[in-house]
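Enquirer: Fold the following for me, if possible:
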Amino acid sequence: MAEEELHTESHDPVVPEAWSRFMREGWGDREFNLPPHPITPWAAARRARLAEAFPGERLVIPAGTFKVRANDTDYRFRPHTAHAYYTGNQTSDAVLVIEPDGTAVLYARPRSSRDTDEFFRDRAYGELWVGRRPSTREISDSLGVEVRHVADLEAALGIGAKTRVLRGVSSYVDGLVDPDETRDAELARMTDEQRLIKDEWEIAELAQACDITALGFEDCVREWDDVRTYGERWIEGTFFRRARAMGNDLGYDSIVGSGQHATTLHWTDNSGPVKPDDLILLDMGVEGRNLYTADVTRTLPVSGRYSPLQRSLYELVLAAQEAGIAAVEPGADFRAPHRAAMTVLAHGLDDLGLLPVPVEEALDESNKTYSRWTLHGTSHMLGLDVHDCATASKETYAEGTLREGMVLTVEPGLYFQIDDLLVPEELRGIGIRIEDDIVVTADGPRNLSASLPRTPDDVEAWMGRLLP
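Expert: Modelled structure (predicted):
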């Protein structure tokens, strides 16, 4: 690598030849024996299925590279979901290539060489700046796939073969192969559709992420004195600590909405106070070490006990969620949990005297006026992404049927905005959502996040045990 290719900054010190020459001398070599990654047999089977879907074609799936946060500061790297799914690799700049005969090669950027200045000058890849990257042998031994240096990628892709590329992940890779919008989109669609049904290893990873998430919720309640003092920010920070300690990161920006902030569906500012008589909506999930994420919501009484009004509204949302979960079964259509939950909510809103039309008319797809107070769908797929499999076709996802091994959320909610003049004043500023992560099984829905209490009595008892 030429010096002008190094990732340096204008304020870095000048490196004279004497210093450079001296830095390249006197280093011992070392190779680590990384343990075999448990994903290895699962990833191999996934690559085989993908190759079968596009026989005789070359498939290119990049991991991506660093994204700039500000100036010379990057975000923490996370590989593209499809790349992680088919390899288990979490190093940047790697590219999976599945050849027309089905064999797979991972082109990776290994640890810094001592033959150039990269290892002590490069801010993005230099070992003395950002830490040691594994060697090609170490990656290969761990992931059970042939690994070559990414510098060999361009030559490999120049060998004639019909090639599909997962576009928009790496500008470098995109530039190596002429695009074919239709065929490349088919590859993206297939990678998402193959993830719709989770294998045994994936479900175990999701269950672990849910278990860690439950611990994070407990951490927050144990620190309730600080929550009262510092507000929503304290919960965000406390939960993040658990996510980093036992997982990889947050699965998504935590939503910590106290009082009227709970009525903002994706309130991620988390900058408000936490007041004694409010409800607080916590939508938070841990991303595990292998990148599978939980997505769980609980709405808690700040005081530790629901008021009569809060309890009645909470029980309505809980009944809607129970109906939605009960509708999760093989052969049901994807929207069945939503319809079941919305039926309960609409009847509850009718009982409150809020609907402008009879409840059956409100529930009709041509009306849906009840949605003023619930807004969002009840479910989405969950896995390596919090909103997983987003580019799957409508026929296999949103308009498809549920199959064993699918994992989806069930998360109905009610939201009464602070300025909504069509609801009684005592309802304004109340937001309630309850969300769990559900596996479709032949024996009925399996709730991966069931360790966190949901009924109002159980929530109050749980908070009573944990509150300082």
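Enquirer: Quick check: Ile280 is in a strand.
Expert: Yes. Counting by DSSP: H, G, I helix; E, B strand; the rest coil, Ile280 is part of a strand.
Enquirer: Quick check: it vs Tyr314, distance?
Expert: For Ile280, the distance to Tyr314 equals 12 Å [Cβ to Cβ, to the nearest Å]. Where you see a C-beta, it was placed from the backbone N, CA and C, and this is true even at glycine.
Enquirer: Now list whatever residues contact both of those two.
Expert: Shared contacts of Ile280 and Tyr314 (Cβ atoms under 8 Å, 6 or more residues apart in numbering): Thr299.
Enquirer: quick one: the residue nearest to Lys368 when sequence neighbours are not counted from Lys275, how far?
Expert: Closest residue to Lys368 apart from its sequence neighbours, by Cβ to Cβ, 6 or more residues apart in numbering: Ala362 at 6.9 Å. Computed with Cβ to Cβ, the distance linking Ala362 and Lys275 is 33 Å.
Enquirer: go on, Ala209?
Expert: 31 Å.
Enquirer: between those two, which one's more packed in?
Expert: Ala209 (31 against 13; other Cβ atoms under 10 Å).
Enquirer: what sits against the more buried one?
Expert: Ala209 neighbours (Cβ under 8 Å, 6+ apart): 247, 251, 285-288, 292-294.
Enquirer: Then Ile432?
Expert: 262, 279, 281, 299, 313-314, 317, 413-415.
Enquirer: again, but for Ile418
Expert: Ile418 neighbours (Cβ under 8 Å, 6+ apart): 260, 263, 428-429.
Enquirer: Let me have the residues you listed in a markdown table, extended by pLDDT.
Expert: A markdown table is the format used below for the contacts of Ile418 (pLDDT from 0 to 100):
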| residue | pLDDT |
| --- | --- |
| Gln260 | 98 |
| Thr263 | 98 |
| Arg428 | 98 |
| Gly429 | 98 |
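Enquirer: which of those residues sit farthest apart?
Expert: Thr263 and Arg428 (8.8 Å; Cβ to Cβ).
Enquirer: Okay, strands next: where are they in the stretch 251-400 of the chain?
Expert: 255-258, 279-284, 286-287, 296-301 (DSSP state E, counting those that start in this stretch).
Enquirer: Nearest to Asp29, out of the ones you listed?
Expert: Comparing the strands of the stretch 251-400 of the chain by Cβ to Cβ, strand 286-287 comes nearest, at 34.3 Å.
Enquirer: Report the mean confidence score over the closest one.
Expert: Mean pLDDT, strand 286-287: 98.
Enquirer: Distance from stretch 46-64 to the middle of the chain?
Expert: The chain centroid and the centroid of stretch 46-64 are separated by 23 Å, computed with Cα atoms, centre = their mean, to the nearest Å.
Enquirer: Looking at Glu435 now. What's its pLDDT?
Expert: Residue-level pLDDT assigned to Glu435 equals 98.
Enquirer: follow-up on the earlier one: list the residues that contact the residue nearest to Lys368.
Expert: Ala362 touches 346, 349-350, 355-356, 368-370, counting by Cβ under 8 Å, 6+ apart.
Enquirer: what's the closest of these to Asp174?
Expert: Lys368 (40.8 Å).
Enquirer: Near that closest one, how many residues? Count them for me, please.
Expert: By other Cβ under 10 Å, neighbour count at Lys368 equals 14.
Enquirer: Begin at 11, not 1, for the rest of this chat.
Expert: All right, first residue 11 from here; so that's Lys378.
Enquirer: Including neighbour count and distance to Glu148, could the contacts of Ile428 go into CSV?
Expert: As requested, the contacts of Ile428 are arranged in CSV below (neighbours: other Cβ atoms under 10 Å; distance: Cβ to Cβ, whole Å):
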residue, neighbour count, distance to Glu148
Gln270, 19, 52
Thr273, 23, 50
Arg438, 16, 59
Gly439, 19, 55
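Enquirer: Same list (those) but as TSV, adding distance to Asp202.
Expert: What follows is these, written out as TSV (distance: Cβ to Cβ, whole Å):
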residue	distance to Asp202
Gln270	36
Thr273	32
Arg438	40
Gly439	38
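Enquirer: Out of the residues you listed, which sit inside helices?
Expert: With helices taken from DSSP state H, there is no overlap with those.
Enquirer: Nearest to Arg56, out of these: which one, please.
Expert: Closest to Arg56, out of all of these and judged by Cβ to Cβ, is Thr273, at 40.8 Å.
Enquirer: Which residue lies closest in space to the closest one, excluding its sequence neighbours?
Expert: Nearest non-adjacent residue to Thr273 (Cβ to Cβ, 6+ apart): Gly441, at 3.9 Å.
Enquirer: For the one you found, give the beta-bridge partners.
Expert: With DSSP bridges as the criterion, Gly441 is bridged to Tyr425.
Enquirer: who's in contact with Gly267?
Expert: Counting by Cβ under 8 Å, 6+ apart, the residues that Gly267 touches are 242, 273-274, 277, 282, 290-293, 441.
Enquirer: so which of the contacts of Ile442 comes closest to Gly66?
Expert: Gly423 (48.1 Å).
Enquirer: Just give me the neighbour total for that closest one.
Expert: By other Cβ under 10 Å, neighbour count at Gly423 equals 26.
Enquirer: that older thread, what two of the contacts of Ala372 are the furthest from one another?
Expert: Spatial extent of these (Cβ to Cβ) is set by the pair Asp360 and Lys378 at 13.7 Å.
Enquirer: Okay, buried residues for the helix ranked longest in the chain please.
Expert: In the chain, with assignment by DSSP H, the single longest helix is helix 210-232. If you call a residue buried by 16 or more other Cβ atoms under 10 Å, then helix 210-232 has these buried ones: 212-231.
Enquirer: Which SSE is immediately downstream of it?
Expert: Sequence-wise, the next helix or strand downstream of helix 210-232 (DSSP states H and E) is helix 234-240.
Enquirer: and the closest residue in space to Ala55 that isn't next to it in sequence, how many residues sit next to it?
Expert: Of all residues not flanking Ala55 in the chain, Asp209 sits nearest, at 7.9 Å (Cβ to Cβ, 6+ apart). Counted by other Cβ under 10 Å, the residues lying close to Asp209 total 14.
Enquirer: next one: Arg31
Expert: Neighbours of Arg31 using other Cβ under 10 Å come to 9.
Enquirer: So for the strand or helix carrying it, mean pLDDT?
Expert: For Arg31, the host element (DSSP H and E) is helix 27-33. Taken as a whole, helix 27-33 carries a mean pLDDT of 96.
Enquirer: any idea which helix or strand comes after it?
Expert: In N-to-C order, the element after helix 27-33 by DSSP H and E is helix 50-63.
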